[in-house]
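> coords please:
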Amino acid sequence: MNEKYTAFCGLCCIDCIPSNHELFNIVQNLEELLSDLQFDEYSKLKAKNNPVFEEHPTFIKVLKEIESLKCSVPCREGGGKPECEVRNCVQGKSHLGCWECIDRHTCTKLNSLRLIHLNLDYHLDLIGKYGPNNWFSKRKVHYRWQTDNSK
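Down below sits the predicted model:
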């Protein structure tokens, strides 16, 4: 796999929900279809007999928030959050990624990622050992709630 998919923080961009182009295509198509069908008006009528349809505006807000997560390109090519403090730190230290930093085990900038990505430190160790091009086949699950360790 290509080094460009190894994020500065040690995540594999391909495994990340914001990089899932199929998801964002479906969200966009669903938004367009609902709009074309004027589903907002339909849901108001349906809500008279089924109160769950009163939540349609919230559903649309959630779809828009999902859409806002989209990452079109890997962070190494300018994707990700523009204000990413991890990327800014790595670049400020002239490192390729956090795996090169001696302070990474105690780095508080990675704490929010550690909450979601159970194997982040394991992956950083892999990248340090095998390099940003060669660690992919050894990685474990991306998100904390995933249980398949077959990767």
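> From what I see, residue 46 and residue 55 are in contact.
No. If you go by Cβ atoms under 8 Å, residue 46 and residue 55 don't touch, sitting 11.0 Å apart. No exception for glycine: its C-beta is placed from N, CA and C like everyone else's.
> the helices in the protein, which residues?
Using DSSP state H, the helices of the chain run over residues 21-36, 39-46, 56-68, 85-92, 111-116, 120-130.
> CSV for these, including distance to residue 4?
Shown next, in CSV, are the helices of the chain (distance: least, Cβ to Cβ, whole Å):
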stretch, distance to residue 4
helix 21-36, 15
helix 39-46, 39
helix 56-68, 23
helix 85-92, 14
helix 111-116, 19
helix 120-130, 13
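> residue ranges with poor pLDDT in the protein?
For the chain, the stretches flagged by pLDDT under 70 are 148-151.
> switch the cut-off to 80
1, 147-151 (pLDDT under 80).
> In TSV: the helices of the chain, plus mean neighbour count and distance to residue 98.
Output for those, formatted as TSV (neighbours: other Cβ atoms under 10 Å; distance: least, Cβ to Cβ, whole Å):
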stretch	mean neighbour count	distance to residue 98
helix 21-36	13	26
helix 39-46	14	44
helix 56-68	13	25
helix 85-92	17	6
helix 111-116	12	9
helix 120-130	19	6
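> looking at these, which is closest to residue 144?
Closest of the helices of the chain to residue 144 is helix 111-116, at 5.8 Å (criterion: Cβ to Cβ).
> For residue 83, the count of nearby residues, please.
When neighbours are defined as other Cβ atoms under 10 Å, residue 83 has 7 of them.
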